[in-house]
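Asker: coords please:
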Amino acid sequence: MTQTRHPAVAGMFYPGDAATLHRDVLRYLDTVDDTGPAPKALIAPHAGYVYSGPIAASVYARLRAARGRISRVVLLGPSHRVGFPGLATSGAEYFATPLGEVAVERTAVEELERLPQVRRLDQAHALEHSLEVHLPFLQEVLGSFTLIPLVVGDATPEEVAEVLERLWGGPETLIVVSSDLSHYHDYATAQRMDRATSDAIEALEPAAIDDDGACGRHPVKGLLVVAKRKGMQVETLDLRNSGDTAGSKDQVVGYGAYVFH
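Answerer: Residues are numbered from 1 along each chain as shown. Predicted coordinates:
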């Protein structure tokens, strides 16, 4: 029997209607500059689209030129609801959004489950938004692709890096790390904290990211470890917070968009 991971936050974080979702994602993509090479890896935020959609679009627009070349996406995001050590796979064969289903690359997932820090934990995926909100953007810019979805719990940078090295592949593989930045500080404090986190990402220095600097710090740090080994360059495309998009400036959440070449 085919197992599908159905949307948990459609109609809340993003539109639940396919036509509206398609229109909104294209609107975000069409309002940003898509010039520049398609990245090998990226970091993008995972809040409701009204808050972080414009920031996420700045990196996803860069992928338009890679449609037809990128056929495999490794997607990592932090766990917001379930605590566990290591990284969690899903038993699902498909991840669905209102735009359709994305096939999970089961062979790669099952190979990962042989690693001591990786285990199947469907409850970590069931209600988790940090992966789901990226899928409509990926569906719009890439069209058809297979997915390797990983929710990251309490994992060390090296544990995440080992997984990424196994999945790195060639130009057909895109690495996506889902992370917001600081949470619920005043506007000026958030700007200062997010700038420090961005400086650490740009410098490929995982140890310089504070515990409250990014909710997805575990997958982010793992990506930085691998990127530094491979001599990659990082470009910050956008750095804003909810006070710049759709919220008040009293308590904001930070968002950054980064590409790795």
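
Asker: Just the C-alpha atoms of the longest helix along the chain, please, in CSV.
Answerer: For the chain, the longest helix by residue count, based on DSSP state H, is helix 187-202. What follows is helix 187-202 as a C-alpha-only set of coordinates in CSV (Å, rounded to 0.1, in the frame of the first residue of the first chain):
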residue,chain,number,x,y,z
TYR,A,187,13.6,44.7,15.6
ALA,A,188,17.0,46.2,16.4
THR,A,189,18.1,43.2,18.5
ALA,A,190,17.0,40.8,15.7
GLN,A,191,18.9,42.7,13.1
ARG,A,192,22.1,42.6,15.2
MET,A,193,21.7,38.9,16.0
ASP,A,194,20.9,37.9,12.4
ARG,A,195,23.8,39.9,11.0
ALA,A,196,26.1,37.9,13.3
THR,A,197,24.6,34.6,12.2
SER,A,198,24.9,35.7,8.5
ASP,A,199,28.5,36.5,9.1
ALA,A,200,29.1,33.1,10.5
ILE,A,201,27.4,31.4,7.5
GLU,A,202,29.3,33.5,5.0
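
Asker: May I see the buried residues of it?
Answerer: 187, 190-191, 193-194, 196-198, 200-201 (16 or more other C-beta atoms under 10 Å). The C-beta positions use only the backbone N, C-alpha and C, and glycine is treated the same way.

Asker: cool, stretch 172-183 as well?
Answerer: For stretch 172-183, by 16+ other C-beta under 10 Å, it's 173-183.

Asker: again with stretch 113-121
Answerer: For stretch 113-121, using 16+ other C-beta under 10 Å, the buried residues are 117-119, 121.

Asker: can you check stretch 15-24 too?
Answerer: Buried residues in stretch 15-24 (16+ other C-beta under 10 Å): 15, 21-22, 24.

Asker: and what of stretch 6-13?
Answerer: 7, 9-10, 13.

Asker: Then stretch 24-44?
Answerer: Applying 16+ other C-beta under 10 Å to stretch 24-44 flags 24-25, 28-29, 32, 34, 38-44 as buried.

Asker: Identify all contacting residues around the helix or strand where Gly53 lies.
Answerer: Taking DSSP states H and E as the criterion, Gly53 maps to helix 49-60. The contact list for helix 49-60 (C-beta atoms under 8 Å, 6 or more residues apart in numbering) reads 13-15, 24-25, 28-29, 31-33, 39, 42-46, 133-134, 137-138, 140-141, 180, 237-238, 240, 242, 245-247, 253, 255-259.

Asker: So in terms of bridging, what pairs with the residue nearest to the spatial centre of the chain?
Answerer: In the chain, the centroid-proximal residue (C-alpha atoms, centre = their mean) is Ser178; its distance is 2.4 Å. Assessed by DSSP bridges, Ser178 has beta-bridge partners Ala44.

Asker: Pro78 is in contact with that one, correct?
Answerer: Yes: contact criterion C-beta atoms under 8 Å: Ser178 and Pro78 qualify, at 7.1 Å.

Asker: what sits in contact with each of those two?
Answerer: By C-beta under 8 Å, 6+ apart, the residues touching both Ser178 and Pro78 are 130, 216, 219.

Asker: who wins for most neighbours among the residues you listed?
Answerer: Pro219 (29 neighbours; other C-beta atoms under 10 Å).

Asker: how close does the closest residue to Pro85 other than its chain neighbours sit to Pro39?
Answerer: Computed as C-beta to C-beta, 6 or more residues apart in numbering, the closest residue to Pro85 that is not its neighbour in sequence is Asp154, at 5.0 Å. Asp154 is 27 Å from Pro39, where distance means C-beta to C-beta, to the nearest Å.

Asker: and if you look at Asp186?
Answerer: 32 Å.

Asker: Tell me which stretches of the stretch 101-250 of the chain form strands.
Answerer: 118-120, 146-152, 173-178, 183-185, 234-241 (DSSP state E, counting those that start in this stretch).

Asker: need the helices for the stretch 1-150 of the chain, in chain order.
Answerer: Ranges of helices in the stretch 1-150 of the chain, per DSSP state H, counting those that start in this stretch, are 18-30, 49-60, 106-112, 122-126, 129-132, 135-142.

Asker: Thanks a lot, catch you later.
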